[in-house]
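Colleague: Here's my sequence, what's the structure:
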Amino acid sequence: MKNASKTPRLMLPTLAVALIAGSSASAAVIYADDFNRANNGAIGTTSVGGFSWVQTGRTTATSTLANELRAGNGGDQSDGAAYVNFDLNAVETYTVSFALRIDLIQVNGNFAFSPRIQNTTADGTAAHWYFDTDANLNGSGSADLFFNGVSVLADVLPMGTTVDVSMEVSGNNATLQIKNGATTLVTDTRSLGSFYNNSTADYAVFAYNNTGGSSRGLSAYVDDLNVIPEPSSIALLIVGSLGLLCRRHRKA
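Modeller: Residues are numbered from 1 along each chain as shown. As a prediction, the model looks like this:
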């Protein structure tokens, strides 16, 4: 698999301006996506920031549908993942938040997500949370939550229910919180490994995985994705972006 390209040249001014403008507000936004566009197998670019989505594995495993990001299509297929082409490696503290709904999940299929990962297939070999089940669920029942093969909480996500997911990252650690309205369903803190600031690109990744055999369908939907740096990281992002702009201006 090819390495993801660096932040596009034309995106650097946009990023710098967005961060400078946001630094006086309660929070800036690194990128965000409302997925409000036509149904397509290619996810396209984020609605805020204009960064490209990259799809790995079987690209039909991820798509846009009804103004949401869809993982899986309800049937059996090979693994597939999607991530925004923005390197988070040097960003120490940030939050990834999104709305999530799973309508269907089967025993050999799962929905995985990570806020900081270097294996962009999210196939079980790197730090991520995922929803799985020991019985086929379609419209009823609740999926179980795992982290790297370890059970976090059983029967946590009711089928067809939209929940709010946030992952607060601090260096190599992250805290997951899932809420249904005002009710907190789960809070879980984990070590992500040694990814932060190690000169290898990090990404926030969403993935459909199957573990072999039959009955591996999944229909999961993500909406209102936001990646927001904490104040300590905003200044570093601004300085880094402006530094690149200045160097390129001198070369011009």
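Colleague: what residues are up against Ile228?
Modeller: Contacts for Ile228 (Cβ atoms under 8 Å, 6 or more residues apart in numbering) come out as 27-30, 94-95, 97. Every residue, glycine included, has its C-beta placed from N, CA and C.
Colleague: now swap in Pro115 and tell me
Modeller: When contacts are counted by Cβ under 8 Å, 6+ apart, Pro115 touches 88, 94, 96, 167, 169, 174, 192, 204.
Colleague: Contacts only, for Val165.
Modeller: By Cβ under 8 Å, 6+ apart, the contact list for Val165 reads 97-100, 113, 176-178.
Colleague: likewise Ser142?
Modeller: With contacts defined as Cβ under 8 Å, 6+ apart, Ser142 is in contact with 155-159.
Colleague: Kindly report the same for Gln177.
Modeller: Neighbouring residues of Gln177 by Cβ under 8 Å, 6+ apart: 165-168, 184, 186-188.
Colleague: how does it look with 6 Å?
Modeller: By Cβ atoms under 6 Å, 6 or more residues apart in numbering, the contact set of Gln177 is 166, 187.
Colleague: Please report how far it lies from Val152.
Modeller: Distance of Gln177 to Val152, given as Cβ to Cβ, to the nearest Å: 12 Å.
Colleague: One more: Leu192?
Modeller: Separation of Leu192 from Val152 (Cβ to Cβ): 15 Å.
Colleague: So which of the two has more stuff around it?
Modeller: Comparing Leu192 with Val152 by other Cβ atoms under 10 Å, the one with more neighbours is Leu192, at 24 against 19.
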